[in-house]
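Enquirer: no sequence on this one, just coordinates:
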């Protein structure tokens, strides 16, 4: 669970920022230097330096907290179904939520996750700051490729007005508004309930593909290499992890 939330936090940081770290410097294409400079002015309005820090510092705690609250209310039976438990096995389980189970297994879970989220937020802010100049450059080139010089000048004229300045400053961060994030969090239970059906459709779509190999199917050389890649002894290959609390079916 903790690993899931850590991974989700990192993914969320990329999701709430317009294209995460995917932006890379690309050739200007049809953009000329004059249009690119005009586009840079546009980006100064809509994505000024420090925008990533503003997003992370002001919203990360509340966003992740909302996500954690939503995940905590998920029924254990739904999670077990996602993990591959059979209907018969699920029927034997009691009614309850993930939060109830964690309260028994880790009474300090909420405090532990709060500290984790604080550290993650700080570290993700530092990471985002490092990539922000490159992202701003890529964003400027994208605007220069998609808008004419005249259109960019019109945008800049609007952004120079009082209303335009406010709109530009909020345009990239409005998706992290609590009202929006609350609605996104409300999707989580419905999405988790749908996961077994989605998983079944995935199985049907991949029915023609060979099954993934198990450790016993590997050659000695492959086992040795896999153990090296995972940093575990060969005899450990294929053994279940100890952190799934029995919710994941292990073949």
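Expert: Arrived safely. Fair warning: this is a prediction, and the values are worked out from it, not measured in the lab.

Enquirer: do you know how far residue 174 is from residue 166?
Expert: 11 Å (CB to CB, to the nearest Å). The way it works is simple: take the backbone N, C-alpha and C, and place the C-beta from them, glycine included.

Enquirer: Sorry, slip of the keys, the one I care about is residue 33.
Expert: From residue 33 to residue 166 the distance is 30 Å (CB to CB).

Enquirer: do the same with residue 105
Expert: Counting by CB to CB, the gap from residue 105 to residue 166 is 47 Å.

Enquirer: same check, this time on residue 101
Expert: 46 Å.

Enquirer: Compare these two (neighbour count), which wins?
Expert: Counting neighbours by other CB atoms under 10 Å for residue 101 and for residue 166 shows that residue 101 has the greater number, 19 against 11.

Enquirer: Confirm for me that the more buried one is in contact with residue 75.
Expert: No. Between residue 101 and residue 75 there is no contact under CB atoms under 8 Å: 10.5 Å.

Enquirer: For this structure, which segments count as helices?
Expert: 2-16, 33-46, 51-72, 76-82, 87-91, 98-105, 109-146, 149-159, 162-171, 178-205, 220-230 (DSSP state H).

Enquirer: out of these, deepest packed?
Expert: The highest mean neighbour count among these, using mean count of other CB atoms under 10 Å, belongs to helix 76-82: a mean of 20.

Enquirer: thinking residue 152 is in contact with residue 140, fair?
Expert: No. Using CB under 8 Å as the test, residue 152 is too far from residue 140 to be in contact (10.0 Å).

Enquirer: anything in contact with each of the two?
Expert: 39, 42 (CB atoms under 8 Å, 6 or more residues apart in numbering).

Enquirer: Any chance of the backbone angles for the nearest residue to residue 54 once chain neighbours are set aside?
Expert: Leaving aside its chain neighbours, residue 54 sits nearest to residue 173 (6.5 Å; criterion: CB to CB, 6 or more residues apart in numbering). Backbone torsions for residue 173, taken as degrees, to the nearest 10, come to phi -110, psi 0.

Enquirer: returning to what we had before: in JSON lines: the helices of the chain, plus mean pLDDT.
Expert: Shown next, in JSON lines, are the helices of the chain (pLDDT from 0 to 100):
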{"stretch": "helix 2-16", "mean pLDDT": "48"}
{"stretch": "helix 33-46", "mean pLDDT": "96"}
{"stretch": "helix 51-72", "mean pLDDT": "71"}
{"stretch": "helix 76-82", "mean pLDDT": "83"}
{"stretch": "helix 87-91", "mean pLDDT": "86"}
{"stretch": "helix 98-105", "mean pLDDT": "87"}
{"stretch": "helix 109-146", "mean pLDDT": "88"}
{"stretch": "helix 149-159", "mean pLDDT": "97"}
{"stretch": "helix 162-171", "mean pLDDT": "94"}
{"stretch": "helix 178-205", "mean pLDDT": "83"}
{"stretch": "helix 220-230", "mean pLDDT": "90"}
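
Enquirer: could I get the ones you listed as CSV with distance to residue 214?
Expert: As requested, the helices of the chain are arranged in CSV below (distance: least, CB to CB, whole Å):
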stretch, distance to residue 214
helix 2-16, 23
helix 33-46, 51
helix 51-72, 30
helix 76-82, 21
helix 87-91, 21
helix 98-105, 29
helix 109-146, 33
helix 149-159, 57
helix 162-171, 50
helix 178-205, 17
helix 220-230, 11
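
Enquirer: Nearest to residue 211, out of these?
Expert: Closest to residue 211 of the helices of the chain, according to CB to CB: helix 178-205, at 10.9 Å.

Enquirer: so what secondary structure elements neighbour that closest one?
Expert: Packing partners of helix 178-205 (3 or more CB pairs under 8 Å, 6 or more residues apart in numbering; DSSP states H and E): helix 51-72, helix 76-82.

Enquirer: okay but residue 79 is in contact with residue 192, surely?
Expert: Yes. Residue 79 is within contact range of residue 192, at 7.4 Å (criterion: CB under 8 Å).

Enquirer: can you tell me how far residue 168 sits from residue 37?
Expert: 18 Å.
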